[in-house]
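Q: have a look at this prediction, sequence included:
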Amino acid sequence: MWIVGPEILRTCRAAEGDMMGFDVELLANDPEVYPEAAVSCKKTVIPSRGLGNHRFSRFSSWKVIKRAISNLKGVAKSWKNNSSRKDKQVKSPRDLQEAETTILRSLQSETFSKEIEEVKKEKLSKNNKLIALQPYLDQKGILRVGGRLKHAQLSERATNPIILPKNNHITDLVIKHLHQQCNHQGRHITLGRLRSEGYWVLGGHKQVAKVIQGCVTCRRLRGKHETQIMANLPFQISRGKTRASCQAKRWAVMFTCMYTRGVHIEVLESMDSSSFINALRRFFAIRGPAKQIRSDCGTNFVGACSKLGHELHDKNTVKRFLLDHGCEWIFNPPHASHMGGAWERMIGIARRILDGVMRDVKPSQITHEVFVTLMAEVAATINSRDHFCQIVIFPSCH
């Protein structure tokens, strides 16, 4: 360790002054000397303050990404307030709604940056890909679809849905989430659910079809079988919740409107006339009386009852009940199932939805109450296949 430096360091200033006056001669043929100096400039891109869409690619669920952003906002607020407790739990649905707004605003700011600038200036160019949607920014900075429904007595999600880009990971997560909520149905029902929840996807039909094509559950449910085996007509349910619970059969009767194609399903405990009349009374009590009822005849109705060992003995009782309520029952001709295509189509859709609903339910857990709940969810899924579908039972039902 030096307490006092060497003597030469204190006496070298004079010599240093002599060295400053020394001239350096450069030789023209010196290979170490370059006649020209090359100057390079590197451009530095400052990242934006947004979350960054590349960070969203690590998430595989719409629920998980909203919860993660909500937790991140909670931690940020705790640090901002200098709180000793760093809150990472979601407190209310409002936190998830704010997280969804943050995600969508960050997504639109990167994918629709030029369009948002034009919307702010209120000058949309002809090359703007959103010009047909008449977009505008709401109070939260979300880009929404415009139109002429400003004064409609509907929510903002219904009249002005949020615009989502195509071929984007966040858009795929939203479609996948709503596709699971409608029990893995096709493109038409999934797109209707997407519109009813307040989302407008650019190229929605192709984007929804792309997500459904990659759905593993749909591939299992819609996979082609080598041999087509018809399912049994009654459904098996368990009586009680003990090990000694026995199996019982249940039937379902479907009423569909011939005008709006609305569907109403009632569960029957037996195939006798009293059980059917009770189901018909429940239908009239909920949906209102009908003027005319159409149904199959021959092999589709009577033949099915005979095959199961049941017979509708008291047909006069059913006719008398309908006559008292001013309702007419018309049977189609025998062996003419093509005349009932309206309700045969609804039966096929109901079976597909029921396959998706009962996939997550064990057979031992299907009680009468559970089965009635599942059939109500099946009817709700069918009735939600259109965006503004309001089910009104008109006086012409099956």
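A: Now that the structure is in, tell me what you want to look at.

Q: just checking, Ser109 touches Lys120?
A: No. Contact criterion C-beta atoms under 8 Å: Ser109 and Lys120 do not qualify, at 11.9 Å. From N, CA and C alone the C-beta is placed, and that goes for glycine too.

Q: could you pull out the helices in the stretch 201-350 of the chain for me?
A: Here the stretch 201-350 of the chain has its helices, by DSSP state H, counting those that start in this stretch, at 204-213, 216-222, 273-287, 302-307, 315-324, 341-357.

Q: hmm, who's touching the next helix or strand after the longest one?
A: Right, helix 341-357. Counting by DSSP states H and E, the next helix or strand C-terminal to helix 341-357 is helix 368-383. Here helix 368-383 makes contact (C-beta atoms under 8 Å, 6 or more residues apart in numbering) with 182-183, 185, 189, 235, 237, 239, 248, 250, 252, 262-265, 267, 269, 346, 349-350, 353-354, 357-358, 361, 366, 389, 391.

Q: for the stretch 101-250 of the chain, give me the ranges with low pLDDT.
A: 225-236, 238-246 (pLDDT under 70).

Q: could you pull out the strands for it?
A: Remark: strands assigned in the stretch 101-250 of the chain by DSSP state E, counting those that start in this stretch are 136-137, 143-144, 162-164, 199-201, 235-238, 247-256.

Q: tabulate the ones you listed (JSON lines), appending mean neighbour count and distance to Phe59.
A: Shown next, in JSON lines, are the strands of the stretch 101-250 of the chain (neighbours: other C-beta atoms under 10 Å; distance: least, C-beta to C-beta, whole Å):
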{"stretch": "strand 136-137", "mean neighbour count": "14", "distance to Phe59": "26"}
{"stretch": "strand 143-144", "mean neighbour count": "23", "distance to Phe59": "22"}
{"stretch": "strand 162-164", "mean neighbour count": "23", "distance to Phe59": "16"}
{"stretch": "strand 199-201", "mean neighbour count": "20", "distance to Phe59": "18"}
{"stretch": "strand 235-238", "mean neighbour count": "18", "distance to Phe59": "38"}
{"stretch": "strand 247-256", "mean neighbour count": "18", "distance to Phe59": "39"}
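
Q: now tabulate these in JSON lines and tack on distance to Lys77.
A: Below are those laid out as JSON lines (distance: least, C-beta to C-beta, whole Å):
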{"stretch": "strand 136-137", "distance to Lys77": "25"}
{"stretch": "strand 143-144", "distance to Lys77": "26"}
{"stretch": "strand 162-164", "distance to Lys77": "25"}
{"stretch": "strand 199-201", "distance to Lys77": "28"}
{"stretch": "strand 235-238", "distance to Lys77": "50"}
{"stretch": "strand 247-256", "distance to Lys77": "51"}
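
Q: contacting residues for the residue lying closest to Leu149 once chain neighbours are set aside?
A: Excluding its sequence neighbours, the residue lying closest to Leu149 (C-beta to C-beta, 6 or more residues apart in numbering) is Thr159, at 3.9 Å. Contact analysis of Thr159 by C-beta under 8 Å, 6+ apart lists Gly147, Leu149, Lys150, Ala152.

Q: list the residues that contact the last one.
A: The one in question is Ala152. Ala158, Thr159.

Q: hmm, 6 Å instead?
A: Contact analysis of Ala152 by C-beta atoms under 6 Å, 6 or more residues apart in numbering lists Thr159.

Q: quick one: it from Asn160, how far?
A: 10 Å (C-beta to C-beta, to the nearest Å).

Q: show me what Ile237 is bridged to.
A: When assigned by DSSP bridges, Ile237 has beta-bridge partners Ala248.

Q: do you know how far it is from Trp79?
A: If you go by C-beta to C-beta, the gap between Ile237 and Trp79 works out to 54 Å.

Q: same question, Asp172
A: 32 Å.

Q: can you pick out the residue with more neighbours from these two?
A: More crowded of Asp172 and Trp79, by other C-beta atoms under 10 Å: Asp172, with 20 against 10.

Q: just give the closest residue to the more buried one, not the sequence neighbours.
A: Among residues not flanking Asp172 along the chain, Val211 sits closest, at 5.6 Å (C-beta to C-beta, 6+ apart).

Q: what's the neighbour count on that neighbour?
A: Using other C-beta under 10 Å, Val211 is surrounded by 20 other residues.

Q: just checking, it touches Ile175?
A: Yes. Taking C-beta atoms under 6 Å as the definition, Val211 is a contact partner of Ile175 at 4.6 Å.
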